[in-house]
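Novice: Sequence and predicted structure below; questions after.
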Amino acid sequence: MDSLTQAVLGAALQGAVLGRIQGRRSLLYGAALGTLPDLDVVIRYADPVSQMTYHRGFSHSIFVLTGLALLLAWLVSAIGRRRWPEKDYRWPRLFLAFWLALVTHPILDAFTVYGTQLFWPLHLTPESWAAVFIIDPVYTVPLLAAVLYAAFRGMQGRAIPLLTLALVFSTAYLGFGLAGRMAAEQRFQFALDQQGIAVIEVRAVPIAFNSLVWRVLAKTPDGHYYEGVSSLFDREPPEMQRQSLNLDAAKVLDGVPLHERLRWFTDGWLRYDVVGDALVVTDLRMGIPGNYTFRFNMASRDGAGHWTAGTPTLWLGDGVGSMFNAQDLVLIWRRIVEQQPPLPLAAWTQKYLGPVQAAEVGR
């Protein structure tokens, strides 16, 4: 999630647990702890694939953060007994506050689609529960309002109950997102079953600032995928299009370590496109149909037609910012409650990916 959300979540948690002892300072300390795991972004890697797949790694491990919470609780408890004996800084309460502020950061990140290595150093597929978009005002605003109230009015009176209420609401909202994702996957699976289409995996991800309209992907056994959109309020089958993963093109990258790492990190949700003399690998999990957040140039073709894998570079097309194109967002938000006219999936694919093999569009 975005840094503001992580900060207000950490502030709300530490304020709720230690607010009566630390006062307003608990909000500041909690905000700092809540954003601490994202300091791994200062580590620079030699290529964008490494930059993407090592982010949310060791600094987001619940094992590492639990150890850090233990250390911080011991230090503050030892110092507090000597300097502020009247504060009653007891180790268990300190540990609970620090641990919650730290570990809820990666857990919240795991509720997005990006991928979070909660159990590092275990080499498990990163957790990607896809219940909320990376920026969701419905989740953030109640926490922000409660923290601001506590900051201005102090930690007495209604402040701590209000922080607690905001935390309960935000947690329930994550549950709502998980339920919405499962419902979207079921609707999409049912629509495919009605058409006699066999698929091996279905996955839904939220679109742009809400948990009501979902982009759904489904892989077929023959190396294709269906991509469509489904809303909580749909009364008709979702619109969808069938495209190829172009897996034959991936053979060029067999055994290439960075490709294998990218495939592991994305759980295999990759598409391959030959664009001129470049092999572009796309992470299908993030973006809108045709306009994906992460695309990498991972191999090049020489004049004799031979392919060579090289150091990955970002594929420069319309860029991540185009995912927030105002016209596209208006159509997506309208799609929450209206299915007609359907979203221009094929037009978006043509616009953002360029000429591709004919996509089969339908319902």
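Specialist: Yes, it's here.
Novice: What is the host helix or strand of residue 297 packed up against?
Specialist: Per DSSP states H and E, residue 297 falls inside strand 295-301. The contact analysis (3 or more C-beta pairs under 8 Å, 6 or more residues apart in numbering; DSSP states H and E) places strand 295-301 against helix 48-54, helix 257-265, strand 278-283, strand 307-314. Heads up, the C-betas are built off the backbone N, CA and C, glycines and all.
Novice: Spatially nearest residue to residue 120, not counting backbone neighbours?
Specialist: Leaving out its chain neighbours, the residue that sits closest to residue 120 by C-beta to C-beta, 6 or more residues apart in numbering is residue 61, at 3.9 Å.
Novice: surely that neighbour meets residue 106?
Specialist: Yes - counting by C-beta atoms under 8 Å, residue 106 is a contact partner of residue 61 at 7.4 Å.
Novice: so what sits against both of those two?
Specialist: Common neighbours of residue 61 and residue 106 (criterion: C-beta atoms under 8 Å, 6 or more residues apart in numbering): residue 118.
Novice: quick one: low-confidence ranges for the stretch 251-363 of the chain?
Specialist: In the predicted model, the stretch 251-363 of the chain carries pLDDT under 70 at residues 317-323, 354-363.
Novice: again, 50 this time
Specialist: 356-363 (pLDDT under 50).
Novice: got the contact list for the residue nearest the centre of the chain?
Specialist: The centroid of the chain falls nearest to residue 112 when counting by C-alpha atoms, centre = their mean (2.9 Å). With contacts defined as C-beta under 8 Å, 6+ apart, the neighbours of residue 112 are 1, 128-134.
Novice: ok, back up a step: what's the local residue count around the residue nearest to residue 120?
Specialist: Using other C-beta atoms under 10 Å, residue 61 has 22 other residues around it.
Novice: what are the phi and psi angles of it?
Specialist: phi -80, psi 130 (degrees, to the nearest 10).
Novice: same thing with residue 219?
Specialist: Torsion angles, degrees, to the nearest 10, at residue 219: phi -90, psi 140.
Novice: What of residue 201?
Specialist: Taking degrees, to the nearest 10, you get phi -160, psi 140 for the backbone angles of residue 201.
Novice: can you pull out the helices in the stretch 1-150 of the chain?
Specialist: Using DSSP state H, counting those that start in this stretch, the helices of the stretch 1-150 of the chain run over residues 3-22, 25-35, 48-54, 62-83, 91-110, 137-153.
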